[in-house]
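> Requesting a structural model of the entry that follows:
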Amino acid sequence: MAQNLEVKLKKAGVTILGREGVKQADWVLLDACDVIVHLFKPEVREFYGLERMWSASANDESIQVSVD
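Numbers count the residues shown, from 1 in each chain. Here you go, the predicted structure:
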């Protein structure tokens, strides 16, 4: 999937700045300039549970930092 996506992006004129994890293929990252693409095997995606990071409730504590 990563290789196919990379070919299609290159054909569309998108420069691939970097790729990680292609040999292991559990979690592949493609850096396509303005977009970072993450491809996971289902069990790896479940293990890391990235959706939990984006589902913060309104009651979560927030900290504001100011510059003096």
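> Output the lowest-mean-pLDDT helix or strand in the chain as PDB, nothing but the C-alphas.
Least confident helix or strand of the chain, by mean pLDDT, DSSP states H and E, is helix 42-48 with a mean of 88. Extracted C-alpha coordinates of helix 42-48, given in PDB (Å, rounded to 0.1, in the frame of the first residue of the first chain):
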ATOM      1  CA  PRO A  42      -4.700  -3.300  12.300                       C
ATOM      2  CA  GLU A  43      -3.100  -4.700  15.400                       C
ATOM      3  CA  VAL A  44      -0.500  -1.900  15.600                       C
ATOM      4  CA  ARG A  45      -3.200   0.800  15.100                       C
ATOM      5  CA  GLU A  46      -5.300  -0.800  17.900                       C
ATOM      6  CA  PHE A  47      -2.200  -1.000  20.200                       C
ATOM      7  CA  TYR A  48      -1.400   2.700  19.900                       C
END
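> start to end distance for stretch 37-51?
15 Å (C-alpha to C-alpha, to the nearest Å).
> Over to stretch 7-27?
End to end - C-alpha to C-alpha - stretch 7-27 spans 18 Å.
> contact partners of that stretch?
For stretch 7-27, the external contacting residues (C-beta atoms under 8 Å, 6 or more residues apart in numbering) are 2-3, 6, 28-33, 38-41, 44, 48. Every residue, glycine included, has its C-beta placed from N, CA and C.
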